[in-house]
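J.: need coordinates for the below:
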Amino acid sequence: MRTRGKQPDIPAPESPWNEIVPGLWMGGHEFRGRSGRLEFAVVRDEFDVVQSLLRLPGYGPDPGVEHHVWPIPDGPLDGTQLAGVIRLARAVNEALDAGRRVLVRCYHGYNRSGLVVAHALLQRGDSADQVIQLIRARRSAWALHNQLFVEYLRAGLTTVRLLEELAE
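T.: Predicted coordinates:
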């Protein structure tokens, strides 16, 4: 399920990406520009590391930019998908600790990217509710509107992953 496909009433973001904490940005593949029209959010070399949870050809980043691709649905995740989210969050923190600029992106930059960014911030010691509030304040009120992902964050992704693997 993609945000744009299942919930057409969800507005596109007003910017291609937003800084959540210093060095960590959250974004998408399209946004509503100043003209009011949808525009493509093409990444060039603005970031040192780009993580794409949805890959669309032609959206970058430039060659030489570290790029991690882990396509996941904007819906229930299995144990393997959750393990990938946990790995991406760990890589976010390693890059931030090294002083690198990181972009985590999905289609609109609301849910899937929010899950990775939130988990990375949880690993840094914030609570789930603090992280969710911060992401919504910095990216959009629509960020993390996928209630299942909010429940994942509150329960803890490691716990959710173990439960998913037991169920499989």
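J.: next, the buried residues of the longest helix anywhere in the chain.
T.: Ordering each helix of the chain by length in residues (DSSP state H) puts helix 79-97 first. The neighbour-count check on helix 79-97 (16 or more other Cβ atoms under 10 Å) flags 79, 81-86, 88-89, 91-93, 95-96 as buried. The C-beta positions use only the backbone N, C-alpha and C, and glycine is treated the same way.
J.: what's the angle from the helix or strand hosting Leu122 to helix 79-97?
T.: In this structure, Leu122 is located in helix 112-123 according to DSSP states H and E. Comparing the axes of helix 112-123 and helix 79-97 via axes from the mean of the first three to the mean of the last three Cα atoms, to 10 degrees yields an angle of 60 degrees.
J.: what's helix 112-123 packed up against?
T.: The contact analysis (3 or more Cβ pairs under 8 Å, 6 or more residues apart in numbering; DSSP states H and E) places helix 112-123 against strand 17-21, strand 24-27, helix 79-97, strand 102-105, helix 128-138, helix 147-155.
J.: before we move on, back to that, so for the longest helix of the chain, mean pLDDT?
T.: Regarding helix 79-97, the rounded mean pLDDT is 97.
J.: chain center to that helix: distance?
T.: On the basis of Cα atoms, centre = their mean, to the nearest Å, helix 79-97 sits 11 Å off its chain's mean C-alpha point.
J.: picking that back up, tilt between the helix holding Leu122 and helix 128-138?
T.: Counting by the same axes, to 10 degrees, helix 112-123 lies at 130 degrees to helix 128-138.
J.: show me what contacts the most centrally placed residue in the chain?
T.: Most central in the chain under Cα atoms, centre = their mean is Ser113, positioned 0.8 Å from the mean C-alpha point. By Cβ atoms under 8 Å, 6 or more residues apart in numbering, the residues touching Ser113 are 26-28, 51, 53, 104-106.
J.: which of these lies closest to Gln123?
T.: Gln123 has its nearest neighbour among these in Val104, at 13.6 Å by Cβ to Cβ.
J.: show me the contacts for that closest one.
T.: Neighbouring residues of Val104 by Cβ under 8 Å, 6+ apart: 24-27, 51, 53, 88, 92, 113, 116-117, 120.
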